[in-house]
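J.: next comes the sequence, and after it the predicted model I'd like to discuss.
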Amino acid sequence: MIYKVIAIIGPSAAGKDSILDGVASRASETVHKIIRTTTRPKRDNESLDAYHFISDADWSKKGWLISNEFRGWHYGVSMDDLSQDKVNIGIFTLSELKTMRDLPQVFILKVIYISVDGKIRLLRALEREDKPDTHEICRRFLADEEDFQEIGKFYDYIYKNEDVLDLDRIEGDIIKIAQDMMQINQNP
């Protein structure tokens with residue numbers, strides 16, 4: 001089975017979640033939103049559809065497309081969460097993307113890189129929480145600056161997401177990409 005996947009990547013506060021949610025709600029007949037799985041506990045005010053929350057015992061029973069560990073918690077995408085009939089769309093890290101690129105026999109993969117000015121990213125990160133952890137925001141900002149220095153070889157499309165008009169255009173373009181992917185024959 002070949003899965004069709006659109007991978008959204010980009011630094012923190014680039015708007016990846018907003019784009020993913022917008023595309024999923026506007027094109028539910030074409031795309032399947034990938035919901036990641038984690039063993040960490042649900043945060044206060046966190047939506048139940050942000051992750052599948054499972055125990056460590058349940059984690060070991062699943063087949064994983066990609067998985068990683070961060071601060072003692074497991075995160076990943078289960079093979080069970082992929083659709084065979086739609087284009088799967090989700091947010092991925094660079095390391096996950098590199099793993100997926102090594103499995104070309106499993107995917108038809110299109111990578112969307114979401115770019116945004118550093119100042120806008122910092123302001124978004126500060127504004128999205130009542131009591132932002134400024135140390136964590138700075139840590140993530142600096143880590144992203146280093147991680148995304150050599151992004152050029154990893155994406156098929158790049159979009160700058162700096163305002164609401166950008167958001168609407170990006171969502172529309174990704175829906176068109178998904179519709180085009182639906183036309184691709186699955187037999188290699």
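T.: All right, it came through fine.

J.: tell me the contacts of residue 180?
T.: Residue 180 sits next to no residue when contact means CB atoms under 8 Å, 6 or more residues apart in numbering. Placement of C-beta: from N, CA and C, glycine included.

J.: just the CA trace of the helix or strand of the chain with the lowest mean pLDDT, in CSV.
T.: Lowest by mean pLDDT, DSSP states H and E among the helices and strands of the chain is helix 94-101, with a mean of 84. Output of helix 94-101 as CSV, limited to C-alpha atoms (Å, rounded to 0.1, in the frame of the first residue of the first chain):
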residue,chain,number,x,y,z
LEU,A,94,12.6,17.7,10.4
SER,A,95,14.0,14.4,11.8
GLU,A,96,10.7,12.7,11.2
LEU,A,97,10.7,14.0,7.6
LYS,A,98,14.2,12.6,7.0
THR,A,99,13.0,9.2,8.2
MET,A,100,10.0,9.4,5.9
ARG,A,101,12.1,10.4,2.9
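
J.: what's that helix in contact with?
T.: With contact meaning CB under 8 Å, 6+ apart, helix 94-101 is reached by 5, 7, 9, 65-66, 68, 77, 92, 107, 109, 111, 147-148, 151, 154.

J.: now do 10 Å
T.: Residues from elsewhere that reach helix 94-101 (CB atoms under 10 Å, 6 or more residues apart in numbering): 3, 5, 7, 9-10, 36, 65-68, 75-77, 90, 92-93, 106-107, 109, 111, 113, 144, 147-148, 150-151, 153-155.

J.: hmm, which of those residues are the buried ones?
T.: Neighbour-count burial (16 or more other CB atoms under 10 Å) applied to these gives 3, 5, 7, 9-10, 36, 65-67, 75-77, 90, 92, 107, 109, 111, 113, 144, 148, 151, 155.
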